[in-house]
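Participant: predicted model follows, preceded by the sequence.
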Amino acid sequence: MAEPRLRTDDRELPRPAAMRLQRPSWRDGRLVIGVLLVLVAMLAGAATLRHFDSSVERLAATHALVPGQHIGKGDVKVVKVRIPGSNGRYLSGASALPHGVVLRPVQPGELVPRSAVGVANQLDHKSVALPVDISQSSDLVVGSIVDVWVSRKQQGTTGVADFEKPERLIERTTVARVPDADRSGLSVSTGDVSVHVLVPDGKVALVLAAVNGGAKVNLVPAPGSPLQGSHR
């Protein structure tokens, strides 16, 4: 087969030259402008996040705080939280530790309200030692919420001491101190131990009268109360 002949006007048309790809250079104005735009966008985004970030530093309890105690460095930690409209309700993490004493229980991890700290004469509870069976105290921790039940002693018909029907003297009070049997290197498995609980001023005499009269005391944990192992 004969090869096609090129027309004269086809041979005279200019042929495009092949273009070689070149690496972008910093001298290329378009590259510089693109990089600047990216940087500006990043800075603007960061500034916007800072502007709309409502996080504030507040103090949170590292463990249970009970009325009457002073707040030390190990009792609180600084946390960043978002609490719109708090208006200084909680202690600031940027300020010094508060003076005074704790007025109401603060649970581990809870933000410390300003109203929870004040002077000692504002306290309306007293820490009272109550004798309970060691089996009851084993699960309790400082900050546990309990109901205080007592069974008053009475003389039975046979001459043997008997106990009345249990009565709840206090509802939802806080454990201020629990026995530490390992502190002396000894282990106690039976008998009674003393657990300190917070008793309202108006019921201190009533509780002491029951204890001094030989009443049996039972501390019943309230639903949701912190117990041994639950705060870890």
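Facilitator: Thanks, I have the structure now.
Participant: would you tell me what the next helix or strand after the helix or strand containing residue 128 is?
Facilitator: Residue 128 is part of strand 125-133, with elements assigned from DSSP states H and E. Where DSSP H and E defines the elements, the next helix or strand beyond strand 125-133 is helix 134-137.
Participant: how far does the helix or strand that that following helix is followed by sit from its chain's centre?
Facilitator: Next along the chain after helix 134-137, taking DSSP H and E as the criterion, comes strand 145-151. How far strand 145-151 lies from its chain's middle: 26 Å, per CA atoms, centre = their mean, to the nearest Å.
Participant: which residues does the longest strand belonging to the chain contact?
Facilitator: Counting residues, the longest strand found in the chain (DSSP state E) is strand 167-177. Contact with strand 167-177 is made by 64, 66-68, 105, 125, 127, 140-152, 195-200, 203, 206-207, 210, 219, 222, as judged by CB atoms under 8 Å, 6 or more residues apart in numbering. For the C-beta atoms, the positions are set from N, CA and C on the backbone; glycine is no exception.
Participant: follow-up on the earlier one: in its sheet, what does the strand holding residue 128 sit against?
Facilitator: Paired strands of strand 125-133, with direction, are strand 192-200 (antiparallel) (DSSP bridges).
Participant: return the set of buried residues in the partner strand.
Facilitator: For strand 192-200, the neighbour count (16 or more other CB atoms under 10 Å) marks 192, 193, 195, 196, 197, 198, 199 as buried.
Participant: ok, the residues you listed vs residue 114, which is closest?
Facilitator: Comparing the buried residues of strand 192-200 against residue 114 with CB to CB places residue 198 closest, at 20.5 Å.
Participant: what ranges of this structure fall below the confidence cut-off?
Facilitator: Low-confidence regions of the chain, defined by pLDDT under 70, span residues 1-29, 31, 46-54, 85-87, 156-159, 181-190, 230-232.
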